[in-house]
Structures are given as C-alpha cells and as structure tokens.
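Undergrad: Show me the folded form of this:
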Amino acid sequence: EVLGEAVYDKFPFVEGMQPVTTDLVELVLNRTWRPQLAVTGVGGMPALESAGNVLRPFTAVKLSLRVPPTLNGAKAGKFLKELLEKDPPYGAKVSFKLEKDGSGWNAPQLSAWLEKAVAEASEHYFGAPAAYMGEGGSIPFMGMLGEKFPQAQFLITGVLGPHSNAHGPNEFLHIPTGKKVSMVVA
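TA: The predicted structure is shown next:
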C-alpha cells in the first residue's frame, strides 16, 4: 500500500503495454519470492540485416535465473541442467553449463530491540512508521554473512531518489533522504 502503483508504473512501458497484473501484492511477490528466468544473451542468430529462412548450425542462449531467497542456488542450477538437457525435442543436442550460482538470503525476524529502535528513529526523522521491503534476496554476500553470524541482526538499507533505477543508467543518490536514512541507522 505504501508503494502504490510505483510497484509497476516506474518502468518505461511502451504505449499500450501493461504489467502482468495490477495486483500490487502479486507484483511484489514476483520481484521478491518467486523465481524469474530471463534470456540475457543469444548467439548463433544472424543479425536482422542478414537473417533468412535457413537452418543454423547452432543457437546458444545465456539465461539468468533468480531464485527465491530460501532456494539453494547450486541445487537450482543442477535441476535446470537436468531439465534442459533431458529429452530435447526432435533429437536436438542441448548442453547446459552453469557459469555461477548464488543462493539467496531470507532475513530472520528482527529482534524486539532493533525493531523498536528503527520504529522510533523512523518516526523521528521521517515522521512516518518504518517500512520494510524484501529486495535483493539473491545477494550471496548476505547469505554468507547470515551463515557466519547466525545470531547477528542485519539492517540493510540504501537510498535511491525519485524515478531512480538501482544498477541502471540513472542510479543516483537523493541527498536529503540519504541524510535521514543515515540518521535512522546511526
């Protein structure tokens, strides 16, 4: 509810395009807890200028699979390999090479003392209750820290400005919000 339509209207849809659903809860779950598969590269396909109705000797694709935070990345990679190499259509040869895997991290419940401190600081500096959002659960570094320090409390945060896109061409820091977030964390 806090995010409203910003869950999807921040994306540059072409005219007439819409998100898979306008149910905000479903869209947040799609970004945080559900696996997502993307084709990030293709090889063996001719450029449009030289494309024709011919057989190609090979086609290669690079896939990126984002796994839910509680799914083991190595097991997911093994499953994907078995799935893609098993019984390809028309006797085609399919091979899968796992480039890397990373398991997600599911943040544990905040301790009462930290939850109270964050709530008070948020009210003081933002004049509003703290809001929590799972994002980036597949960051392997957090999983490693969680395993190494299972009793530790983690408050992971960051600052982006209006209409910003983390890890994109318009990533930037909104200074007034950054100062408030720094005060809350302090």
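Undergrad: where in the protein is pLDDT low?
TA: 135-139, 159-173 (pLDDT under 70).
Undergrad: Where do the strands of it begin and end?
TA: Taking DSSP state E as the criterion, the chain carries its strands at 36-43, 60-66.
Undergrad: which of those is buried the deepest?
TA: strand 60-66 (a mean of 13; mean count of other C-beta atoms under 10 Å). C-betas here are computed from N, CA, C, even on glycine.
Undergrad: Tell me which strands that one pairs with, and in which orientation.
TA: Under the criterion DSSP bridges, strand 60-66 sits next to strand 36-43 (antiparallel) in its sheet.
Undergrad: what sits up against the partner strand?
TA: Residues lying outside strand 36-43 but in contact with it, judged by C-beta atoms under 8 Å, 6 or more residues apart in numbering, are 30, 58-66.
Undergrad: and what of stretch 26-33?
TA: Contacts of stretch 26-33 (C-beta under 8 Å, 6+ apart): 3, 7-8, 19-21, 36, 68-69, 133-135, 137.
Undergrad: quick one on the thing from earlier: need the max-distance pair from the contacts of strand 36-43.
TA: 30 and 58 (32.5 Å; C-beta to C-beta).
Undergrad: Of these two, which one has the most company?
TA: Using other C-beta atoms under 10 Å, the more surrounded residue of residue 30 and residue 58 is residue 30, with 17 against 8.
Undergrad: how far away is that one from residue 23?
TA: Distance of residue 30 to residue 23, given as C-beta to C-beta, to the nearest Å: 10 Å.
Undergrad: could you dump the longest helix anywhere in the chain to PDB, C-alpha only?
TA: Counting by DSSP state H, the longest helix found in the chain is helix 112-126. The C-alpha coordinates for helix 112-126 follow below in PDB (Å, rounded to 0.1, in the frame of the first residue of the first chain):
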ATOM      1  CA  ALA A 112      12.500  -6.600  19.500                       C
ATOM      2  CA  TRP A 113      15.200  -4.100  20.500                       C
ATOM      3  CA  LEU A 114      16.200  -3.400  16.900                       C
ATOM      4  CA  GLU A 115      12.600  -3.200  15.600                       C
ATOM      5  CA  LYS A 116      11.800  -0.700  18.400                       C
ATOM      6  CA  ALA A 117      14.900   1.400  17.700                       C
ATOM      7  CA  VAL A 118      14.100   1.600  13.900                       C
ATOM      8  CA  ALA A 119      10.500   2.400  14.600                       C
ATOM      9  CA  GLU A 120      11.400   5.300  16.900                       C
ATOM     10  CA  ALA A 121      14.100   6.600  14.600                       C
ATOM     11  CA  SER A 122      11.900   6.400  11.500                       C
ATOM     12  CA  GLU A 123       9.100   8.400  13.300                       C
ATOM     13  CA  HIS A 124      11.700  11.000  14.500                       C
ATOM     14  CA  TYR A 125      13.500  11.600  11.200                       C
ATOM     15  CA  PHE A 126      10.700  10.700   8.600                       C
END
